[in-house]
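Trainee: sequence plus predicted model, see below.
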Amino acid sequence: MARALGIDFGGTKILAGVVDTDTGEILSQAKKRTRSEQAGDDIFGRLLDVAREALNASGTARHEVHKIGIGVAGQVDRQKGELIRAPNLPNELLGTAIADRVQNALDLPVTLANDVVAAAAGEAAFGAGKGHPDFVCVFIGTGIGGAIYQAGRPYRGATSTAGELGHMVIDYGGRICGCGGVGHLEAYASRTAIVRTVLGAMRQGRRSSLESVDPNPNPDDPAHSPVRSKALAEAVRTGDALAISMVTNAARYMAAGLVSIINFYNPPRIILGGGVVDAVDLYFDVASALVRQEALQVPGRDVEVVKSGQGDFSGIVGAAVLGNLHA
Ligand SMILES: [Zn+2]
């Protein structure tokens, strides 16, 4: 049985799990928040703690785990195992040899890739991409990431950054994105964007059931608000008008982004995943319905828009199969 440790290193949390890479079954899990409230806390220490916890909890002998894959929320130099750009992660990670450091600490070979590239590998192997050689993956959470599969293989582009559709311009001169760019999709359709607009409206006095979740709304710091995907989902479910309107707005922007992809690239299948899609049905429903109405008729009629097959765990599973054939 082949086993690998998969790590999903996101802007909000670090998830790790030992995965059976023949079946996609997750044998153990561990989780920590990416940002500690304690000053001076070492992000590498947290990463290694999560990794060790998942290894120890799996009931698998250490020698049976043969490699580690890390999917990280940013642009990655895969050859060097380094993070190049990561607007949603602590800056101290940039330019450090993440793969080498983890490899030295845990004595296993490490592959580092973008988190959505990893999640797409998981979808291709065991999820909504299985049996579908051509698809585009879009994961919506703290930020928005994407990946492209062509003929069963990831398409990486000239400089290995293909698929960064969170940073496509949908509003010229619009909101500033976490990457510093202007008018990017991520600034309108990510969970961070939804939370920011909800907190802003609450700050201005609009009533919402989310007041009980975050009594001191600060739209300038959505990353530290207790309003996250599950709280948004609950507010939508109970009919909170503010949450419904902000989620619907964000999903409309996402639809605009997807329409551009469909018109330009004509993919047969789009897989949507990530915390917002998993937790808030309204987001997926609005985005997928609008896509059909607004895309060019021929590519829009035939494209399948589906949810990721593995929910929260596609990142772990995908990271675990990184480095396998076609991943
Ligand atoms: Zn951007």
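Mentor: Now that the structure is in, tell me what you want to look at.
Trainee: may I have the phi/psi pair for residue 18?
Mentor: phi -80, psi 130 (degrees, to the nearest 10).
Trainee: do you know how far it is from the ion?
Mentor: 34 Å (C-beta to the ion, to the nearest Å). Quick note: C-beta positions are derived from backbone N, CA and C, even for glycine.
Trainee: would you check how far apart that residue and residue 112 are?
Mentor: Counting by C-beta to C-beta, to the nearest Å, the gap from residue 18 to residue 112 is 18 Å.
Trainee: low pLDDT regions in the chain?
Mentor: Where the chain drops to pLDDT under 70, the residues are 37-41, 325-327.
Trainee: spell out which parts of this structure neighbour the ion.
Mentor: With C-beta under 5 Å from the ion as the criterion, the chain comes near the ion at residues 167, 177, 179, 181, 184.
Trainee: again, only this time at 8 Å
Mentor: With C-beta under 8 Å from the ion as the criterion, the chain meets the ion at residues 87, 166, 167, 177, 178, 179, 180, 181, 184, 185, 186, 187.
Trainee: now do the contacts for the closest residue to the second one other than its chain neighbours.
Mentor: Just to be clear, that refers to residue 166. Closest residue to residue 166 apart from its sequence neighbours, by C-beta to C-beta, 6 or more residues apart in numbering: residue 144 at 3.1 Å. Shown in contact with residue 144 (C-beta atoms under 8 Å, 6 or more residues apart in numbering): 138, 165, 166, 185, 186, 189, 190, 254, 274.
Trainee: identify the residue nearest the geometric centre of the chain.
Mentor: Centroid check for the chain by C-alpha atoms, centre = their mean gives residue 139 as the closest residue, at 4.5 Å.
Trainee: how about the host helix or strand of residue 244, which residues are buried there?
Mentor: Using DSSP states H and E, residue 244 sits in helix 241-265. By neighbour count on 16 or more other C-beta atoms under 10 Å, the buried set for helix 241-265 is 242-251, 253-262.
Trainee: returning to that earlier point: could I get the residues of the chain next to the ion as a markdown table with secondary structure?
Mentor: Converted to a markdown table, the residues of the chain next to the ion look like this (DSSP: H, G, I helix; E, B strand; the rest coil):
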| residue | secondary structure |
| --- | --- |
| 87 | coil |
| 166 | helix |
| 167 | helix |
| 177 | coil |
| 178 | coil |
| 179 | coil |
| 180 | coil |
| 181 | coil |
| 184 | strand |
| 185 | coil |
| 186 | helix |
| 187 | helix |
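Trainee: restricted to buried residues, select those residues in PyMOL.
Mentor: For the buried members of those, the matching PyMOL selection, counting by 16+ other C-beta under 10 Å, is:
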select buried, resi 87+166+167+177+178+179+181+184+185+186+187
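Trainee: so which pair among the residues of the chain next to the ion is furthest apart in space?
Mentor: Based on C-beta to C-beta, the longest span within those runs between 180 and 185 and measures 14.7 Å.
Trainee: any idea how far residue 181 is from the residue in the stretch 1-150 of the chain positioned nearest to the ion?
Mentor: Using C-beta to the ion, the closest approach of the stretch 1-150 of the chain to the ion is made by residue 87 at 7.1 Å. Using C-beta to C-beta, residue 87 is found at 10 Å from residue 181.
Trainee: ranges for the strands of the stretch 151-300 of the chain?
Mentor: 153-155, 269-273 (DSSP state E, counting those that start in this stretch).
Trainee: for residue 68, find the nearest of those strands.
Mentor: With C-beta to C-beta, the closest approach to residue 68 among the strands of the stretch 151-300 of the chain belongs to strand 153-155: 19.0 Å.
Trainee: break the chain down into its structural domains.
Mentor: 3-122+313-321, 131-308 (automatic domain parsing).
Trainee: which residue is the nearest non-sequential neighbour of residue 305?
Mentor: Counting by C-beta to C-beta, 6+ apart, residue 288 is the residue found nearest to residue 305 once chain neighbours are left out, at 4.2 Å.
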